[in-house]
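Visitor: following is a predicted model, sequence given first.
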Amino acid sequence: MGTLRKIAAVCSDGKIRLVEEEVPELRPGTVRIRAYASLVSPGTELNGWKHLFSLRGGRDNGERRKFGYSNAGIVDAVGEGVTQFKPGDRVASIGYGLALHSDWAVVPQNLCVLLPEGVTFEQGSYAMLLATAMQAVRRGQPEIGEKACVVGMGLVGQLTAQLLTASGCRVLGWARNDRQVEIAKAWGIADAINMKKCDPVACTQAFTNGRGLDQSVFAFPGPAGDSWDQTLSCMKKTPDGHWMGRVVVVGGSSIELKWVPANLDVRIAARTGAGYHDAAWELGRDYPPVFMQWTTRTNLEVCMELVRYGNVNVDGLTTHRIDLFNAEAQIDAIGNPEDILGLIFKNGGVEA
């Protein structure tokens, strides 16, 4: 193509600067996208905004780490063998190292999904984290009327809580700052708590009327620490003293399993569903639907429909909109990393 693209990159001094490179070649099975919005996944991409801000004032050693894996825009061209998309289509796309925070992306066709009518580029940029949350919810197999707790109310936690609510569960969120509590309550979790300011076990026991949780989801990166023991003590307990229920681990949480009198199901929820990181699948070779209904792509399609019909509110999670081409100055102007939840890079584009 010969066109240069601009990409956000993390620097050693805590700055986010732009780098330039040629737009990748359009290969068979891929789609070239003029991207207009992309969402930052702070835990995976930055090790958290707090960590990035802690590097401010350090030395810039010249290294530039490109990042991003979820964006939305308009199809510019399609490669050989692509029949599902055409130039002019509005799409969301995902993929580590592919759907970067950039103005152009080339992405395998099965990592793209059409944006339904009424879904904006900003909303579409939530595709990756929505599908990650969807996979976590599917792994937990929720039932209508169950009581669930989401530990960690960052982006993945907030989205998981929304999907559990849409599945008919009543959800309690354990947040780590007041801003996360405020946002969760604004979209519908009246029982969200700041676990640093109260006893989360007592609050959860009150939430379940002493009956215990049916399931919990760990939705934050890093060691679980005391959260594991606290959550365990909130699960259902049989008359003979065994803890029961389902625990789903997503978002890079690590728990230390040790023997306790329990018959818990501990389940890992990886990525966005079947197919992601299978190169042949990503480029167009699908799995037979009769055997594999919920792939990464079908999860993405369902997520976009949920956004379209208002079952999931991603707009309420967006706290910052940053001009990609002025990213360094605008992010430098943010004072407190705890103010950030959903940060979207934008670079023009008329929402239609």
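Guide: Ah, there it is.
Visitor: what is the distance between stretch 43-55 and the centre of its chain?
Guide: Centroid separation for stretch 43-55 versus its chain: 16 Å, with CA atoms, centre = their mean, to the nearest Å.
Visitor: what is the rounded mean pLDDT of that stretch?
Guide: Average pLDDT, stretch 43-55: 94.
Visitor: next one: stretch 169-178
Guide: Stretch 169-178 shows a mean pLDDT of 96.
Visitor: now do stretch 151-158
Guide: In the prediction, stretch 151-158 has an average pLDDT of 96.
Visitor: may I see the buried residues of that stretch?
Guide: Neighbour counts over stretch 151-158 (16 or more other CB atoms under 10 Å) mark 151-158 as buried. For glycine as for every other residue, the C-beta is placed from the backbone atoms N, C-alpha and C.
Visitor: of all the residues you listed, which two lie farthest apart?
Guide: Val151 and Leu155 (14.3 Å; CB to CB).
Visitor: quick one: buried residues of stretch 192-212?
Guide: By 16+ other CB under 10 Å, the buried positions in stretch 192-212 come out as 192-195, 200, 203-205, 207-208, 212.
Visitor: of all the residues you listed, which two lie farthest apart?
Guide: Greatest spatial distance in the buried residues of stretch 192-212: Asn194 and Gly212, 22.0 Å, computed using CB to CB.
Visitor: phi and psi next, for the residue nearest the centre of the chain.
Guide: Among the residues of the chain, the one closest to the centroid is Leu129, at 2.0 Å (CA atoms, centre = their mean). Note on Leu129: backbone dihedrals following degrees, to the nearest 10 are phi -70, psi -30.
Visitor: wait, isn't it in contact with Leu39?
Guide: Yes: in terms of CB atoms under 8 Å, Leu129 counts as a neighbour of Leu39; the distance is 6.7 Å.
Visitor: now the common contact residues for the two.
Guide: 70, 155 (CB atoms under 8 Å, 6 or more residues apart in numbering).
Visitor: tell me the secondary structure for the residue nearest to Arg64 when sequence neighbours are not counted?
Guide: Excluding its sequence neighbours, the residue lying closest to Arg64 (CB to CB, 6 or more residues apart in numbering) is Ala9, at 3.9 Å. The local conformation at Ala9, judged by DSSP: H, G, I helix; E, B strand; the rest coil, is strand.
Visitor: list the residues that contact Ala9.
Guide: Ala9 neighbours (CB under 8 Å, 6+ apart): 16-19, 64-67.
Visitor: next step: these restricted to strands.
Guide: 16-19, 65-66 (DSSP state E).
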